[in-house]
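Peer 1: A predicted structure for the sequence below; I have some questions about it.
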Amino acid sequence: MVFWQQSGIVQLLMIAGLLLLAAGIRRIVQRFWDIVMPDSMVAGIIGLILGPSLLAVLPFDTDFLEKVVYHALAIVFIAIGLQTPVKAKATGNARSMAIGIPLLAMIQGAVGLVVVLVWAAMRGSPVFPGFGLMVPLGFSQGPGQALSLGKAWESMGLADGGQIGLIMAAIGFGWCAIVGVPLISIARKRGWTEDPGRDPDSAGGADARPPPRELRLPPPGGMEPLSLQLAAIGTVYLLCWLILWGAANALIEKGQLVALIFGFHFIISGILAMVARRLLDVVPVPNRLHDGLLGRIAGTTVDVATCAAFCAIQIAVLKANLLPILVTTTTAGVVTMVLCVWAARRAFPSHPFEHAVVLFGCSTGTMPTGLALLRVLDPELRGPVATSAVLGATAAIIFGAPLLLVVIPAATAGFPGSFPGTVYMALGMILVWSVVLVLLLRFAAPFRIMRPFTDFWPRG
């Protein structure tokens, strides 16, 4: 028994069982194919229902599941960072995608901060600004980042911050699956969709990455290829831990700053991975990293983390914050959907709706959920839309950096004494950077001013 108790192995085995159950349900119930809800999300919803928050059939340990989601985020960033860098030239569609993703995140952040100000005025006491900023974190970044920063904010004044982050991300996934698929059906009836595999103008450009090298067997006594990829990821994460440990010792008297640094562990991990990849490309040492295996590791980690995130949700926290969460997420979801459809023909020269539906999926979930919506129209993801979406999402990291590195720290600094001044300052920053992104969208991307502005699908 000692090897099973408090080891977390039972928790992981239950997640594995739920993932297999969800895969079986998808095969048996064919309508799940039409819903395009990822198996990991189905598994997580089943786990939430059977978990301690509702039926109490499965004895999930919420603290352990939150740790899984926290560390999984860094593993995904490292696995992606160790892959071959994108070298293809960005096209007009990709530029619009690169600017559109962070612009929508900024607008979602503004919606959340306005709700914070209204909520604080109604109850007569400060509300931690991070609550509002959980909208872009949960919707546009996914459960990993929302949980990571939410946990860091718990010591700064946001009660149950990690749980609120998971709930926001789960609602974002719901918007993607429940609203995205009917939106595609409406678009088909109105003739907005095109054949995503047809590319007469080569709008998508070349593949984002060259084909992966052939996977070769190791030499006698050599390490298995999969083991080597895992060892590389683990080594980079160890370096990240050493940096975090050094920062914690150097800033031992500044607990809030240390918590915030640990919340940004995924950024540190991603940077270290990209640096390591470039070093391997220049040093005279055989590079045995394999993009295909690294991608599989990242995908598996996302599946486990998504399922764990749903299973870790505590319904009691949702009930305690039900009204502000519903108001915030509903407003942000409606605004995101409307802007994506409105900008479709204006921002994307070819396959406008197909690009818009990916943009909506990325802005209510993650890149995989955006591509999951696209699979309704392009089942094999062979068309140019998937390629330009990948290129755009990669470049979006640069344009979205001010939100993570400037706006969020500024909005949450000095709470509660700085409230509401820091919120107004953050809103000002969001306004300024949003204007910059709009100008870039107009002059650096193929955005067209098409009238009337009230028309969602102008024919001009």
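Peer 2: Structure received. Numbers count the residues shown, from 1 in each chain.

Peer 1: show me what counts as buried in the lengthiest helix in the chain.
Peer 2: Using DSSP state H to define each element, the chain has its longest helix at helix 92-123. Within helix 92-123, the residues that qualify as buried are 92-113, 115-117, 119-120, counting by 16 or more other Cβ atoms under 10 Å. For every residue, glycine as well, the C-beta is placed using N, CA and C.

Peer 1: same deal with stretch 153-172?
Peer 2: 153-154, 156-158, 160-172.

Peer 1: thought Leu55 was touching Ile49?
Peer 2: Yes: using Cβ atoms under 8 Å, Leu55 is in contact with Ile49, at 6.1 Å.

Peer 1: more neighbours: which of those two?
Peer 2: Shown here are Leu55 and Ile49; by other Cβ atoms under 10 Å, Ile49 has more neighbours (14 against 10).

Peer 1: so Trp175 is in contact with Thr364, correct?
Peer 2: Yes: if you go by Cβ under 8 Å, Trp175 and Thr364 touch, sitting 4.3 Å apart.

Peer 1: tell me, what's touching those two both at once?
Peer 2: Phe139, Gly333, Thr336 (Cβ atoms under 8 Å, 6 or more residues apart in numbering).

Peer 1: with those residues in mind, which one is nearest to Val29?
Peer 2: Taking Cβ to Cβ as the measure, Gly333 is the one of the shared contacts of Trp175 and Thr364 closest to Val29, at 26.2 Å.

Peer 1: skipping its backbone neighbours, what lies nearest the closest one in space?
Peer 2: Spatially, and ignoring its direct neighbours in sequence, Gly333 is nearest to Trp175 (4.4 Å; Cβ to Cβ, 6 or more residues apart in numbering).

Peer 1: look at that neighbour and give its secondary structure.
Peer 2: Three-state call for Trp175 (DSSP: H, G, I helix; E, B strand; the rest coil): helix.

Peer 1: how close does Cys240 sit to Thr336?
Peer 2: 32 Å (Cβ to Cβ, to the nearest Å).

Peer 1: likewise Val407?
Peer 2: For Val407, the distance to Thr336 equals 18 Å [Cβ to Cβ].

Peer 1: residues in contact with Ala232?
Peer 2: Going by Cβ under 8 Å, 6+ apart, Ala232 touches Leu82, Ala276, Leu289.

Peer 1: and it, what element?
Peer 2: Ala232 is located in helix 225-250, with elements delineated by DSSP states H and E.

Peer 1: also Ala43?
Peer 2: Applying DSSP H and E, one finds Ala43 within helix 39-50.

Peer 1: neighbours of Ala316, how many?
Peer 2: Ala316 is flanked by 11 other residues according to other Cβ under 10 Å.

Peer 1: my read: it touches Leu54, true?
Peer 2: No: under the criterion of Cβ under 8 Å, Ala316 makes no contact with Leu54, lying 10.9 Å away.

Peer 1: so, low pLDDT: which residues of this protein?
Peer 2: Scanning the chain for pLDDT under 70 picks out the ranges 30-36, 86-90, 196-216, 256, 380-382, 460.

Peer 1: tell me, what residue is most central in it?
Peer 2: Computing the C-alpha centroid of the chain and ranking residues by Cα atoms, centre = their mean puts Gln141 first, at 2.8 Å.

Peer 1: from Pro102, how far off is that residue?
Peer 2: Between Gln141 and Pro102 the computed distance is 11 Å (Cβ to Cβ).

Peer 1: what is in contact with the two at once?
Peer 2: By Cβ under 8 Å, 6+ apart, Gln141 and Pro102 have no common neighbours.

Peer 1: for Gly138, give its distance to Ile325.
Peer 2: To Ile325, Gly138 is 10 Å away according to Cβ to Cβ.

Peer 1: check Leu12 too.
Peer 2: Note on Leu12: its distance to Ile325, by Cβ to Cβ, is 29 Å.

Peer 1: more neighbours: which of these two?
Peer 2: Using other Cβ under 10 Å as the criterion, Leu12 and Ile325 rank with Ile325 on top: 22 against 15.

Peer 1: residue contacts, that one?
Peer 2: Applying Cβ under 8 Å, 6+ apart to Ile325 gives the contacts Ile164, Ile167, Met168, Ile171, Leu318.

Peer 1: much appreciated, bye for now.
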